[in-house]
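> When you get a sec, could you give me coordinates for this:
(one chain, ligands or ions: 1)
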Amino acid sequence: MAAIEMEGVSRAFGATPAVDRMSLAVPSGTFLALLGPSGCGKTTLLRLIAGLERPDAGWIALGERVVAGRGRFVPPEARGLGMVFQSYALWPHMTIAGNIRFGLRAKRMSRAEEQARIGEALEMVGLTGMQDRRPHELSGGQRQRVALARSLAVRPGLILLDEPLANLDAHLRETMLAEFRRIHAASRTTFVFVTHDQDEAMAVAGLVGVMNRGRLEQLASPSDLYRRPATPMVARFVGHGRTLPVHVTGRENGLCRFSVQGRSVVSPGDAPPGPGWLCLRAGDLAAAPGGGLRARVLDHRFQGGSYRVTASLEGVEEGGVVEVMLPRAPASGERIELSLRGGWVLSREAPRGETAFQDRLLAGATA
Ligand SMILES: Nc1ncnc2c1ncn2[C@@H]1O[C@H](COP(=O)(O)OP(=O)(O)OP(=O)(O)O)[C@@H](O)[C@H]1O
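Sure thing, here's the model as predicted:
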């Protein structure tokens, strides 16, 4: 069953279409990350799901229930979901237990039941024994865990997390990502996690939705998104890819044939013969004397024990700048030879990735 389903959802602020005809189906129990550049509409989409915004068009269903559109609007508190913000939103004068209990107030439970829920939620986030502290006596990471515990205690089917790690330092973010994965697996709740940080999205989520200008470019697993980008935007945004226009002359056994610098080469891809994009990341090229592709070094920087080199493919005018990892620092302007050992070719005339992926998902979700 789909935990979240929506079709044709739009929300504009004045002339700005923050979310633009979005269709999406998220299977129950998924850890979904919404990823995209600043201003692409991630937070607005989350707020639409939460009921903090009303769609101008389209409908949204949570589980079996339509919560917005089709003449209905269910307010946020009646949607059975939890929200975790980057600001934690904890009451400073209440203890940790008090903060979690506050989230349970609408449930009308006995004191013993409340205590059991609080204990269980604190255990799930690894904060057993901290119930009598106040928020200022906790670290940022611990406060964020309390915010999550407060949501989990209600046992919602869906938890929405809006950049929950934005206020934490890099080291703590890593630890918290692992924690979120563990907690998600233990709680079996559907998580929707908004972030503009692709490493964060790829590390934590089972399914990633890449958004651009209010629309969904692709919804896929992190590895599919990386290896088989559906649009040039995804190819460039995820893993800092480069896109090179090519003309595909043939396709066989999952490999597309095209020529670069007059040499016929192949690369994995799904583009039919015709105009295509060759999507390349640093790992798709290797320095190889006699490798066939001639390039000139533009720049380099030290990264992860080797050198990330930017080079320009000779004689390739459009999109001819590529990246490659080298074990040594090359001189600027140096000629290097590269061989192609990966990449992904997609059609320049393909329908948007969204359409194909969503058709498949919606078909699966309603089957
Ligand atoms: N309440 C509002 N009033 C006017 N414009 C808004 C409002 N909320 C969002 N917008 C605009 O809608 C667009 C999408 O904003 P949104 O906050 O959803 O993007 P985002 O992807 O979450 O960005 P970020 O990563 O920077 O938080 C932006 O152009 C933003 O300026």
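
> what about the helices in the stretch 151-300 of the chain?
If DSSP state H, counting those that start in this stretch is used as the criterion, the helices of the stretch 151-300 of the chain fall at 170-187, 198-204, 222-227, 232-237.

> mind putting those in CSV, mean neighbour count and mean pLDDT included?
Placement of C-beta: from N, CA and C, glycine included. Shown next, in CSV, are those (neighbours: other Cβ atoms under 10 Å; pLDDT from 0 to 100):
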stretch, mean neighbour count, mean pLDDT
helix 170-187, 16, 85
helix 198-204, 20, 92
helix 222-227, 18, 93
helix 232-237, 21, 93
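
> Include distance to the ligand when you put the ones you listed into JSON lines, please.
Rendered in JSON lines, the data for these read as follows (distance: least, Cβ to the nearest ligand atom, whole Å):
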{"stretch": "helix 170-187", "distance to the ligand": "16"}
{"stretch": "helix 198-204", "distance to the ligand": "12"}
{"stretch": "helix 222-227", "distance to the ligand": "17"}
{"stretch": "helix 232-237", "distance to the ligand": "13"}
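
> To residue 317, which of these lies closest?
The stretch from those with the least distance to residue 317 (Cβ to Cβ) is helix 232-237; that distance is 17.2 Å.

> Need the residues that contact the closest one.
For helix 232-237, contacts defined as Cβ atoms under 8 Å, 6 or more residues apart in numbering pick out 36-37, 198, 210, 212, 217-218, 225, 229, 241-243, 277, 279, 344, 346, 353.

> Need the buried ones from these selected in ChimeraX.
Command for ChimeraX, covering only those of those found buried under the criterion 16 or more other Cβ atoms under 10 Å:
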select :36,198,210,212,217,218,225,229,241,242,243,277,279,344,346,353
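
> Keep only those of the contacts of helix 232-237 that are in strands.
Applying DSSP state E to the contacts of helix 232-237, the entries found in strands are 210, 212, 217, 218, 242, 243, 277, 279, 344, 346.

> For the ligand, state which of these is nearest.
Each of the ones in strands among the contacts of helix 232-237 was scored against the ligand by Cβ to the nearest ligand atom, and residue 212 proved nearest at 9.6 Å.

> Please identify the residues of the stretch 101-250 of the chain in proximity to the ligand?
Where the stretch 101-250 of the chain comes near the ligand, counting by Cβ under 6 Å from any ligand atom, the residues are residue 196.

> from the stretch 101-250 of the chain, which residue is nearest to the ligand?
Checked against the ligand (Cβ to the nearest ligand atom), the nearest residue in the stretch 101-250 of the chain is residue 196, 4.4 Å away.

> Would you map out the domains in the chain?
By the record's domain assignment, the chain is partitioned as 2-231+352-366, 240-347 (automatic domain parsing).

> Among the ones you listed, show me which one is buried the most.
Stretch with highest mean neighbour count among those: domain 2-231+352-366 (a mean of 18; mean count of other Cβ atoms under 10 Å).

> I'd like the distance from it to the chain centre, please.
Computed by Cα atoms, centre = their mean, to the nearest Å, the separation of domain 2-231+352-366 from the middle of its chain amounts to 12 Å.

> any idea of the mean pLDDT for stretch 325-332?
For stretch 325-332, mean pLDDT is 94.

> Please disregard the earlier target; I meant stretch 276-292.
When the per-residue pLDDT values of stretch 276-292 are averaged, the result is 90.
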